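*Asks:* Build me a model from this:
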Amino acid sequence: MPDPLLDPPDWAPSWLPTVDDVRGFRILRWVVGAVFAAGLAGCVAESANQPADPVVEEATTTVPESALAARFGAVAARLVDLSGQVLELCLLLADTEEERAHGLMQVTDLEGHDGMLFRVEQPVEGAFYMYRTVLPLTIGWFAGDGAFVSRADMAPCASEDPAACERYPAAAPWTWAIEVPQGSPVAARFAEGTFLQVPGGACPA
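*Replies:* Modelled structure (predicted):
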C-alpha cells in the first residue's frame with residue numbers, strides 16, 4: 001500500500017521530487033529559497049518606491065515690512081498746537097542728500113505713514129519742487145527748535161524737464177520739513193504757533 005506522505009500519487013509526473021528523495025529534496029529546497037528571495041526583493045523594491053515621510057514645518061506668520069520704510073526708515077514725531085493738543089505722527093525719514101533728492105517721487109501710496117520728514121544738519125533756504133511727483137502735497141517747514149516757519153500747497157509737475165517745474169521756497173531758513181498729501185488732517189496743523197517735536201525712535205505699533 002503506497003504511503004500518501006512519501007509516495008507520489010499515480011497522476012504525478014516522474015520529475016516531481018518526493019521528500020524522501022535526496023536530490024528531490026534539494027530541488028524543493030532551492031525552489032522554496034528562490035521564491036522566498038524573490039518575495040523579499042519585491043518587498044524591498046516596493047518600500048524603496050514609497051515616498052519619503054512628509055516633513056511637517058511649523059507654520060509661521062510674518063508681516064511684510066513697508067517697502068518705503070525699508071528704503072527711508074521711519075520715525076515718530078508729533079505736532080503740538082497753541083492749545084497744547086498733540087498730534088502723534090509716523091513719518092518716513094529723508095535725512096541724506098540722496099533721500100532728500102528723491103523724496104516722494106513716483107510714490108502713490110504712503111503705506112500707512114502720515115507723510116515724509118526731511119531733515120538737514122544746518123538751517124537752509126532751499127526750495128522744493130514736484131518733479132516726477134504724483135501726489136499733490138502740502139509741505140510745512142519748521143526751524144531747528146521746531147517752530148513753524150511756513151507752508152505751501154504743491155502741485156505735481158508734468159514736465160520731464162526738472163528746470164521747468166515750479167519751485168516752492170520756505171518763508172525763512174528751515175531745518176525740518178514735512179510733506180503730506182493735500183487734504184490730510186496733518187496739513188491743517190501747519191499753522192502759526194505749532195511746534196514740531198521729533199523725539200526719535202520707532203513709530204508706535
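*Asks:* Per the annotation, how does the protein divide into domains?
*Replies:* Here the domain parsing of the chain from automatic domain parsing is 1-61, 67-197.
*Asks:* Worst mean pLDDT among the ones you listed?
*Replies:* Lowest mean pLDDT of the domains of the chain: domain 1-61, a mean of 43.
*Asks:* ok, for residue 118, nearest residue in space, not its chain neighbours?
*Replies:* In space, and not counting its chain neighbours, residue 118 is closest to residue 177: 4.2 Å by CB to CB, 6 or more residues apart in numbering. Using the backbone N, CA and C atoms, a C-beta is placed for each residue, glycine as well.
*Asks:* Now name the helix or strand holding the one you found.
*Replies:* strand 174-181 (DSSP states H and E).
*Asks:* Can you list the buried residues in that strand?
*Replies:* By 16 or more other CB atoms under 10 Å, the buried positions in strand 174-181 come out as 174, 175, 176, 177, 178, 179, 180.
*Asks:* hey, what's the fifth one bridged with?
*Replies:* Beta-bridge pairing of residue 178 under DSSP bridges involves residue 117, residue 140.
*Asks:* wait, what's in contact with it?
*Replies:* Shown in contact with residue 178 (CB atoms under 8 Å, 6 or more residues apart in numbering): 77, 89, 91, 115-118, 139-140, 142, 186, 190, 196.
*Asks:* what's the answer for the last one, then?
*Replies:* Contact criterion CB under 8 Å, 6+ apart gives 114, 115, 137, 138, 139, 140, 186, 187 as the residues in contact with residue 180.
*Asks:* From those, pick the one nearest residue 84.
*Replies:* Using CB to CB, residue 186 comes nearest to residue 84 of the contacts of residue 180, at 17.5 Å.
*Asks:* what's the distance between the closest one and residue 141?
*Replies:* Plainly put, residue 186 is 14 Å away from residue 141 if you go by CB to CB, to the nearest Å.
*Asks:* Max pairwise distance over the buried residues of strand 174-181: which two?
*Replies:* Using CB to CB, those span at most 17.9 Å, a distance reached by 175 and 180.
*Asks:* quick revisit: among the contacts of residue 178, which one sits closest to residue 204?
*Replies:* For the contacts of residue 178, the nearest to residue 204 is residue 89 (10.2 Å; CB to CB).
*Asks:* And that closest one, which helix or strand is it part of?
*Replies:* Using DSSP H and E, residue 89 sits in strand 86-94.
*Asks:* Pull up the pairing partners for that strand, direction included.
*Replies:* Next to strand 86-94 in the sheet, as set by DSSP bridges, lie strand 74-80 (antiparallel), strand 115-124 (parallel).
*Asks:* Out of these, which is the most enclosed?
*Replies:* Mean neighbour count (mean count of other CB atoms under 10 Å) peaks for strand 74-80 among the strands paired with strand 86-94, with a mean of 20.
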